[in-house]
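Asker: Quick one, structure for this:
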Amino acid sequence: MSSVMIKRIVIAGFLILAGMWSLASAPRVDAYADPGLLAGPKWLQQHKDDPGVAVVDVREDKYFDGKVIPGAVRMPWRSFRKNDLLYGLGGVFVGLDEAQSILGEHGIARSDTVVLYDSVERDGGATASYVFWVLDLLGHDDVKILERGIDGWREAGYELSDNPAKQEPVLYQAPVDEVQVQRRISGEKIYQRLNDPHYQIIDVRSRSEYLGERPNTGLDGTVLKLGHIPTAYNVNYTHNWTSEETKDIKPAAELAQMYAGMDRSKGTVVYCHSGRRGSFGYFILRLMGFQDVRLYENSWFEWGSHENFFPVETKENLPPSGAPISMTPMKKTSSSGKTGSRGGSGSSGGSSGSGDGYVSCGG
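Answerer: Now for the predicted structure:
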């Protein structure tokens, strides 16, 4: 056998082994990588009365229908946010100390398994996800979101209660070395890392917001800059649902296909307008097994402000694989088109932005 033939056989063998290793090490697509972050109604029915399980209804008063899952305490998600009038930021995190006080006042202990829920109406897990992020930031060990919230529970045929539970206050205190400060990232740090190959950025706003065709506004109604953070990809947070009507999270295989162009080994920054929608994208990535996920909570309120000098672009970015991350057709909404702004350094790209499923409800 010639040396050339031997070399070809060796190379072929190496390629086969590399392929086998790649298949073995690839994340499973038939199950979520971190399924413990999501609870179903059956699981909750079996465990809600277990010692150390805290069930939490995060709906605000205007979305509360008077019914709760038996044993659930009410802790509206907005209690963890405040407006920062000095810097014109809406929905800013209240801070670690205040967050721990709120948790303790509602009887939630550091060792509890916390199950969060909202409703399909508000907004299929995309408000419970904000409290999930707060607890993740605090390094809370066991937090779950009930899929489809109280609607999933109701449709499973389980009983409801008219009386939210009242728990005795406890001391909630996260050890300093367990707080995951890296779960939150500032605009300044993102700016310093633009074009850093170890980071990737996801804008979860609607496509028309991302492309600068639909403006976001500041607290005073001022139209913010148009466009998105340079290099950011667009994954509308609503595209993580199977449908707008049911708002159940897509199966693992569909999410894996949708995010196929993203690199799990990179730090991933998620943002929207004020952090609420971004927190849902954050939760989905955590569910899929992305480890280094960071929420840019100040989001477009800060980055798009004319008072700041962060660069913006309006061209569409696609992940390196070229695979579209999400083009799921959604219910059409009206488009306001472009408005005057000094923001936007690039040219508009992509399609018209119709059917982006934008939900104007804070975030």
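
Asker: Only C-alpha atoms from now on, for both contacts and neighbour counts.
Answerer: OK.

Asker: ranges for the strands of this structure?
Answerer: Along the chain, counting by DSSP state E, strands occupy 38-39, 53-57, 73-74, 81-84, 89-93, 113-117, 143-146, 199-203, 233-234, 267-271, 293-295.

Asker: and of those, who's closest to P164?
Answerer: Closest of the strands of the chain to P164 is strand 73-74, at 5.3 Å (criterion: CA to CA).

Asker: Which phi and psi values does N236 adopt?
Answerer: phi -50, psi 130 (degrees, to the nearest 10).

Asker: ok, it to V204 distance?
Answerer: Here N236 is placed at a distance of 4 Å from V204 (CA to CA, to the nearest Å).

Asker: before we move on, what about F280?
Answerer: Distance, F280 to V204, using CA to CA: 9 Å.

Asker: Name the residues contacting each of those two.
Answerer: Counting by CA atoms under 8 Å, 6 or more residues apart in numbering, the common neighbours of F280 and V204 are Y237.

Asker: For W133, give me its contacts.
Answerer: Taking CA under 8 Å, 6+ apart as the criterion, W133 is in contact with R183, S279, Y282, F283.

Asker: ok, so of those residues, who is nearest G36?
Answerer: Using CA to CA, the contacts of W133 come closest to G36 at F283, 12.0 Å.

Asker: Could you count how many residues lie near the nearest residue to that closest one once chain neighbours are set aside?
Answerer: Nearest non-adjacent residue to F283, counting by CA to CA, 6 or more residues apart in numbering: S129, 6.1 Å away. S129 sits with 28 neighbouring residues when counted by other CA atoms under 10 Å.

Asker: What of the one 5 residues further on?
Answerer: Using other CA under 10 Å, V134 has 23 other residues around it.

Asker: in this protein, which ranges drop under the pLDDT threshold?
Answerer: Residues of the chain that meet the criterion pLDDT under 70 lie in 1-30, 321-363.

Asker: Could you rerun that using 90?
Answerer: 1-30, 85-88, 90-91, 122, 260-261, 318-363 (pLDDT under 90).

Asker: What ranges does this structure have for its helices?
Answerer: 3-25, 41-47, 96-105, 128-137, 149-155, 187-192, 207-210, 252-258, 276-287, 299-303 (DSSP state H).

Asker: same for the last one, what does it pack against?
Answerer: Looking back up the chat, that one is helix 299-303. With contacts taken as 3 or more CA pairs under 8 Å, 6 or more residues apart in numbering; DSSP states H and E, helix 299-303 sits against strand 89-93, helix 187-192.

Asker: Is L285 in contact with L295, as I believe?
Answerer: No: L285 is not in contact with L295 according to CA atoms under 8 Å; the separation is 11.0 Å.

Asker: the more surrounded of those two?
Answerer: Taking other CA under 10 Å, L285 and L295 do not tie; L295 has more neighbours (28 against 21).

Asker: and that one, what is it in contact with?
Answerer: By CA under 8 Å, 6+ apart, L295 lies in contact with R183, R184, I185, V269, V270, Y271, G275, G278, S279, Y282.

Asker: Now do the contacts for the last one.
Answerer: Pointing back at Y282 there. If you count contacts by CA under 8 Å, 6+ apart, Y282 has them with S129, W133, V270, V293, R294, L295.

Asker: can you tell me which of these lies nearest to K250?
Answerer: For the contacts of Y282, the closest approach to K250 (CA to CA) belongs to S129, at 15.7 Å.

Asker: Could you tell me which residues make contact with that closest one?
Answerer: For S129, the contacting residues are I145, R276, S279, F280, Y282, F283, by CA under 8 Å, 6+ apart.

Asker: Check the gap between it and L194 for me.
Answerer: According to CA to CA, S129 and L194 sit 26 Å apart.

Asker: Next: N308.
Answerer: Distance from N308 to L194, by CA to CA: 16 Å.

Asker: Neighbour count: these two, which is higher?
Answerer: L194 (17 against 10).

Asker: What does that one show for phi and psi?
Answerer: For L194, the backbone dihedrals (degrees, to the nearest 10) come out as phi -60, psi 130.

Asker: Contact partners for it?
Answerer: L194 makes contacts with P230, T231, as judged by CA under 8 Å, 6+ apart.
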